[in-house]
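1. Got a predicted model here, sequence first, then my questions.
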Amino acid sequence: MISRIPENESSLLSPVPQVVKIHEDGFALSPIVWLVTGVDTPPAALLHVETALYHAGVKEVEIRSTPPEEGIAATAMPVMIYMGEFPSNQAVSDAIELLGAAPPEGLNAEGYVLAAGSTASGTHMIVLAGRDENGTFYAAQTFSQLIIKKDPLGWIPSAVVYDWPSMPVRGVIEGFYGPPWSHEERLNQLSFYSKHKLNAYVYAPKDDPYHREKWRTSYPQDKMEEIKQLVDAAKRNHITFTFAISPGNSITFSDDTEFQALMNKAQAVWDIGVRSFALYLDDIDPALHFPMDKEKFGGDHNPSAAAQAFLLNRFNDEFIKTHPEAKPLITVPTEYYEEGTSPYRERFAALLQPDIIVQWTGIGVVAPSIRVTDAQFIHGIFQHPLLIWDNYPVNDFDRNRLFLAPLYGRDVELYKEDEIIGMTANPMNEAEASKIPLYTMAEYMWNPSGYEPEASLQKSLLEFSGRREIKALRLFVESCYGSLLNNHEEPLSLRLEPLVETFWDQKEKGAVAAEAKELLHQFVELKNVPDQLQQLGNPNFLREAEPYLHKLSLYGAGGEAAVQLVQMEIEGDSSQADIQRVILERLVEQLASIPQKLSLSVLNSFINRVLGREALTEATKADSPAPTIY
């Protein structure tokens, strides 16, 4: 059970720890902090803790390789922090014992213990103990969230945290069509992933020509240098960088020359540090097109499955298994989202070597829900480890939408299925905007049992905004909320609908003053969202969101003008009403000219009812049809 966290900064721990006990007492950090480390202390974790301490007002961090000598009075001791792995690091294990924070048996890989308190002698002590290097790194991340800012020095509540990931693989796949992320965006994303305890990034941008169409061709030197920088950044952030190739549209599966080109491509990135590989066969015509393949595989009762399995098995044997540090090979079959079995799936599963990981999107390209029963059924077909490729919040199937709602529709107990090894989220082309829903997905992947979508979204918005203008950001997110995962829910419409209905009821009585005042307040807030969000200091996000923000502001102005028009008509001021009608009609024309779509059907209907016309179809709840294969 997860204990209630006091209502202070520590309530923002993310992802939600598996077990946390935080008390009201605690201690202030000292101007000098002693940090006891070992050879097993990851450099990135050490740097993160040092940075957090300096931000909390600490003047000096003294790195020590051994605990202090006995006999030093507690009053003369600075705050002590022990960092390293347990039980192998004796100093760390001893510190855990001193604080009475012995971890539960069988703490998972990447798990950690964080303990803060005072020893019997009065020494203030913090322990950041990982089951492995990743665990120590994640303990450091949680420690920085635990510090409560006070003047002049940060304050640490007495606490014990036992934490571990529910899913072994947790990450993001850059697997969308359309404009790929820039190099700078990718580096920024990797920093974001590490902060949220994600451990996997798959490089698979569909419109990178060297990933798909030019898969045989080596990356130019400048691009190869960028990939190396990404690999190095991922390693620093305790993230596995997976290099994916999608050769299925043009490869001759049985051709030795083609296979050697594939080997050369993989070896080139191996030489710069890549240790994880994926060969993708999604979104291709499965038919065999080349005589050599037809001759070799045409006699099989499913030639395409036989050809694909042959290629994957050969690469697994001749590359993955000949490179001792290589991670298990990952693939996406051509039939990656269908509900039932098929001759292709059955033959593919039978021929594919058992250690190859199969990615699966759930039932449907964008799965409204992924249930335990779905996973069990699909695993029964493929009989291979399944890695979920979650097509949320990806928007390449509708480039006029942003999907900013939290993750919905994923069973709490998916992680308990042995066949599910984890999840990778496919984000939007808009890298900065993607962080808002990705925050919530990271929370789900780490601890599904502790995941609450709306609470997670609130924390995401607090982090994203730096606590500045959170209401304006919330309004914008709610205008870009509806998706297949939440049945196109519209929080703004749900709040506006009763106000609008009351307004129309009162109009029949000829008195709308109170209702008009409330609606005007709501609409002016929407109109001002773009101006308010300028204060975020996030130009990349504002650039990505600009057309959506502009449209939201126009909707707010349109709602305001519509209310004022009705008021003038009730008052009998026909000349002013005519002027207001022209203003409103021009706003509607501007709205119709912007192709981006918002979750604002009630406001759309209200404006057009005032004008006596049908609502714009772009803003109805049906404006985001189920996507086709993409």
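-> Alright, I've got the coordinates.
2. Now do His238: how many residues are near it, please.
-> Neighbour count for His238, taken as other C-beta atoms under 10 Å: 23. C-beta here means a position set from N, CA and C on the backbone, and glycine is covered the same way.
3. you'd agree it is up against His196?
-> No - the criterion here is C-beta atoms under 8 Å, and His238 misses it with His196 at 11.9 Å.
4. need the next SSE after the longest helix along the chain, C-terminal direction.
-> Looking across the chain with DSSP state H, the single longest helix is helix 539-571. Using DSSP states H and E, the helix or strand that follows helix 539-571 in sequence is helix 574-593.
5. what mean pLDDT would you report for the next helix or strand after that next one?
-> Counting by DSSP H and E, the next helix or strand C-terminal to helix 574-593 is helix 601-611. For helix 601-611, mean pLDDT rounds to 96.
6. residue boundaries of the strands in the stretch 51-200 of the chain?
-> Ranges of strands in the stretch 51-200 of the chain, per DSSP state E, counting those that start in this stretch, are 60-64, 79-85, 112-118, 124-130, 155-163, 169-174, 200-203.
7. try the stretch 301-450 of the chain
-> Using DSSP E, counting those that start in this stretch, strands in the stretch 301-450 of the chain cover 330-332, 357-360, 386-390, 420-425.
8. List the buried residues for the shortest one?
-> Residues Ile330, Thr331, Val332 are the ones in strand 330-332 that count as buried (16 or more other C-beta atoms under 10 Å).
9. Same list (those residues) but as TSV, adding distance to Glu585 and pLDDT.
-> What follows is the buried residues of strand 330-332, written out as TSV (distance: C-beta to C-beta, whole Å; pLDDT from 0 to 100):
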residue	distance to Glu585	pLDDT
Ile330	54	99
Thr331	55	99
Val332	49	98
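10. Where does the record place the domain boundaries for this structure?
-> Domain assignment of the chain by automatic domain parsing yields the ranges 9-163, 169-459, 491-619.
11. and these as a markdown table, adding distance to Glu478?
-> Formatted as a markdown table, those follow (distance: least, C-beta to C-beta, whole Å):
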| stretch | distance to Glu478 |
| --- | --- |
| domain 9-163 | 21 |
| domain 169-459 | 8 |
| domain 491-619 | 4 |
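12. so which of the strands of the stretch 301-450 of the chain comes closest to Ala159?
-> Between Ala159 and these, the shortest gap by C-beta to C-beta is with strand 420-425, which sits at 28.0 Å.
13. what sits up against that closest one?
-> 167-173, 200, 202, 357, 359, 375, 379, 385-390, 392-393, 414, 437-438, 441, 444-445 (C-beta atoms under 8 Å, 6 or more residues apart in numbering).
14. In contact with Trp181, which residues?
-> So Trp181 contacts Glu174, Gln189, Pro205, Asn429, Ala431 (C-beta under 8 Å, 6+ apart).
15. ok, 10 Å please
-> Taking C-beta atoms under 10 Å, 6 or more residues apart in numbering, we find Trp181 in contact with 174, 187-189, 203, 205, 208, 427-431, 434.
16. cool, Leu520 as well?
-> By C-beta under 10 Å, 6+ apart, the residues touching Leu520 are Gly559, Glu560, Val563, Gln564, Gln567.
17. Most neighbours among the residues you listed, which one?
-> Busiest of the contacts of Leu520 [other C-beta under 10 Å] is Gly559, holding 28 neighbours.
18. follow-up on the earlier one: the longest helix of the chain packs against which elements?
-> Applying 3 or more C-beta pairs under 10 Å, 6 or more residues apart in numbering; DSSP states H and E, one finds that helix 539-571 contacts helix 183-195, helix 431-446, helix 470-479, helix 491-508, helix 513-533, helix 574-593, helix 601-611.
19. repeat that with 8 Å
-> Packing partners of helix 539-571 (3 or more C-beta pairs under 8 Å, 6 or more residues apart in numbering; DSSP states H and E): helix 431-446, helix 470-479, helix 491-508, helix 513-533, helix 574-593, helix 601-611.
20. Relative to Gly135, which of the contacts of Leu520 is nearest.
-> Gly559 (51.2 Å).
21. For the closest residue to the closest one other than its chain neighbours, give its distance to Ile579.
-> Once flanking residues are discounted, Gly559 sits nearest to Phe523: 3.5 Å by C-beta to C-beta, 6 or more residues apart in numbering. Phe523 sits 18 Å away from Ile579, going by C-beta to C-beta, to the nearest Å.
22. hang on, the earlier thing: mind giving me JSON lines with the strands of the stretch 301-450 of the chain and columns for distance to Pro453?
-> Putting the strands of the stretch 301-450 of the chain into JSON lines (distance: least, C-beta to C-beta, whole Å) gives the following:
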{"stretch": "strand 330-332", "distance to Pro453": "27"}
{"stretch": "strand 357-360", "distance to Pro453": "22"}
{"stretch": "strand 386-390", "distance to Pro453": "14"}
{"stretch": "strand 420-425", "distance to Pro453": "14"}
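23. closest one to Ala109 among the ones you listed?
-> Closest among the strands of the stretch 301-450 of the chain, using C-beta to C-beta: strand 420-425, at 12.2 Å.
24. ok, the closest one: who's next to it in the sheet?
-> Using DSSP bridges, the strands paired with strand 420-425 are strand 169-174 (parallel), strand 386-390 (parallel).
25. Could I get the average pLDDT for that strand?
-> 98.
26. for stretch 514-529, same thing?
-> On average, stretch 514-529 scores 96.
27. Give me the buried positions along it.
-> Glu515, Ala516, Leu519, Gln522, Phe523, Leu526, Lys527, Asn528, Val529.
28. need the contact list for the spatially most central residue of the chain.
-> Nearest residue to the geometric centre of the chain (C-alpha atoms, centre = their mean): Leu438, 2.0 Å. Listed by C-beta under 8 Å, 6+ apart, the contact set of Leu438 reads Val172, Phe192, His196, Pro393, Ala425, Pro427.
29. Determine the number of other residues adjacent to the third one.
-> Neighbours of His196 under the rule other C-beta under 10 Å: 21.
30. Look up how far Pro165 lies from it.
-> For His196 relative to Pro165 (C-beta to C-beta), the value is 11 Å.
31. How about the first one?
-> When C-beta to C-beta is applied, the distance between Val172 and Pro165 equals 15 Å.
32. for the fifth one, same thing?
-> Separation of Ala425 from Pro165 (C-beta to C-beta): 15 Å.
33. Nearest to Leu29, out of the strands of the stretch 301-450 of the chain?
-> Taking C-beta to C-beta, strand 420-425 is the member of the strands of the stretch 301-450 of the chain nearest to Leu29, at 35.7 Å.
34. Figure out how far the closest one is from the centre of its chain.
-> 12 Å (C-alpha atoms, centre = their mean, to the nearest Å).
35. orientation of that strand relative to helix 431-446 in degrees?
-> Per axes from the mean of the first three to the mean of the last three C-alpha atoms, to 10 degrees, the angle that strand 420-425 makes with helix 431-446 is 160 degrees.
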